[in-house]
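# Okay, sequence plus prediction incoming.
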Amino acid sequence: MSWLRRLFSDRVSSDAVPVLLAPMAGVNDIAFRQLCVECGVDLTYTEMVSSKALSFANEKTRHLLDRAPNESRVAVQLFGHEPDTMAREAAWVEDQMGDALAYIDINMGCPAPKIVKKGDGSALLKTPDLACDIVRRVSGAVEHPVTVKFRKGYCAGEDCAVEFARMVEDAGAAAVAVHGRTAAQFYTGTADWDVIARVKRAVGIPVIGNGDVKSGSDAVALVQQTGCDAVMIGRAAQGNPWLFSQVKAALCDKEEPAPPSAEQRVAMAHRHAELLSQRMGNNLVYMRKHVMWYLKGIPGAARARGDLNQCVTIEDFDAVLQRLLEDRVRIEAEEAEYLDGGVRRA
């Protein structure tokens, strides 16, 4: 059994495939991670943490390392391009977190221009020698495993993942997470799962599959096609932490829980806002995008978007959410009446 499977031995059976919440900047706040754990995710990642900002003792950045009440451990994803700084701050993170740290992950996949232009994230795919030096230095500075998350390649059409995976493995990476898109694609098109399969065949360390897992059946297909050791879910979990319980059921060949009702989604949006308000106070502008994700597809949600963009306090959000539920009932009643009238006319 690999070290990655042993890490989850208290949560999953020895033959089960762990399910992970992908690190997402501006998404993986402490409240969202708490809700994902409640919904069954096996491990959460922090948002991307800047090693440079940590080196400046930036308190806003250090708060990203805080754990939710139900997080027994969390993976911390660092980004940067300076080996000394990365190694020093990884050691500091390990010292501060102790057993609460699952492992250190190094971001070599983020395609955001503000990250790439500094030589961080997916830009490291263009400088593999530097990338390996970072992995080597960080691995030598900490006792916890060090993993690397990267993409299929940097430029459109590029496919360097197998070679890159072998190099970081030789440099000391204990596992890799592979997103089947190039940096140039951002999140467009379809993730190439075949590249994940080829990486899995090429290396002796665990491989985490990432990209386009939106349902339980997607997760089953990813594992079957690639043989990956764990499934990582990112954007599909935004506003949908229930996805983790559905995926875990599918991977264990069990009946999946029913999708959440509109009332459950509204209740979860309120709870997310409430948890954030307890931590951040009553200025919840940051919460707007989360609420929009929770409400996607509910009748009347599109019309509520303008009101949500004006929300600041939890009371503001609750007023919009209550109106949305009332509008949904009215809209569905009008649709039923129309359809019933159509049937009678026919």
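Received, thanks.
# in the stretch 201-346 of the chain, which spans are strands?
Assignment of strands within the stretch 201-346 of the chain using DSSP state E, counting those that start in this stretch yields the ranges 207-210, 230-233.
# Any chance of CSV for those, columns mean neighbour count, distance to Arg151 and mean pLDDT?
Placement of C-beta: from N, CA and C, glycine included. Shown next, in CSV, are the strands of the stretch 201-346 of the chain (neighbours: other Cβ atoms under 10 Å; distance: least, Cβ to Cβ, whole Å; pLDDT from 0 to 100):
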stretch, mean neighbour count, distance to Arg151, mean pLDDT
strand 207-210, 27, 9, 98
strand 230-233, 24, 13, 98
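# Ok, which of those comes nearest His63?
strand 230-233 (23.9 Å; Cβ to Cβ).
# Show residues contacting the helix or strand encompassing Leu78.
For Leu78, the host element (DSSP states H and E) is strand 74-79. Contacts to strand 74-79, defined as Cβ atoms under 8 Å, 6 or more residues apart in numbering, come from residues 20, 23, 33, 43-51, 54, 65, 67, 86, 89-90, 93, 97, 100-107, 110, 115, 120-121, 138, 147, 149.
# filter those residues to the buried ones?
Neighbour-count burial (16 or more other Cβ atoms under 10 Å) is assigned, among these, to 20, 23, 33, 43-51, 54, 65, 67, 86, 89-90, 93, 97, 101-107, 110, 115, 120-121, 138, 147, 149.
# low-confidence ranges in the stretch 1-150 of the chain?
In the prediction, the stretch 1-150 of the chain carries residues with pLDDT under 70 at positions 1, 10-14.
# what about the strands in it?
19-21, 49-50, 74-79, 101-108, 146-153.
# would you turn those into a markdown table with distance to Gly216?
Output for the strands of the stretch 1-150 of the chain, formatted as a markdown table (distance: least, Cβ to Cβ, whole Å):
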| stretch | distance to Gly216 |
| --- | --- |
| strand 19-21 | 10 |
| strand 49-50 | 31 |
| strand 74-79 | 23 |
| strand 101-108 | 24 |
| strand 146-153 | 23 |
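# out of those, which comes closest to Trp242?
Once the strands of the stretch 1-150 of the chain are compared by Cβ to Cβ, strand 19-21 is nearest, at 12.6 Å.
# Does that closest one pack against any helices or strands, and if so which?
Under the contact criterion of 3 or more Cβ pairs under 8 Å, 6 or more residues apart in numbering; DSSP states H and E, strand 19-21 touches strand 230-233, helix 243-251.
# hmm, back to that, which among the strands of the stretch 1-150 of the chain is found nearest to Ala175?
strand 146-153 (4.4 Å).
# Show me the one of the strands of the stretch 1-150 of the chain that comes nearest Pro241.
Nearest of the strands of the stretch 1-150 of the chain (Cβ to Cβ): strand 19-21, 8.6 Å.
# For the closest residue in space to Arg323 that isn't next to it in sequence, grab the count of nearby residues.
With sequence-adjacent residues excluded and distances taken as Cβ to Cβ, 6 or more residues apart in numbering, Arg323 is closest to Ala304, at 7.1 Å. Ala304 sits with 20 neighbouring residues when counted by other Cβ atoms under 10 Å.
# Tell me where the stretch 1-150 of the chain has helices.
3-7, 30-38, 51-55, 59-62, 83-97, 113-116, 128-141 (DSSP state H, counting those that start in this stretch).
# Redo the ones you listed as a markdown table? Include distance to Asn210.
Putting those into a markdown table (distance: least, Cβ to Cβ, whole Å) gives the following:
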| stretch | distance to Asn210 |
| --- | --- |
| helix 3-7 | 14 |
| helix 30-38 | 16 |
| helix 51-55 | 22 |
| helix 59-62 | 24 |
| helix 83-97 | 22 |
| helix 113-116 | 17 |
| helix 128-141 | 18 |
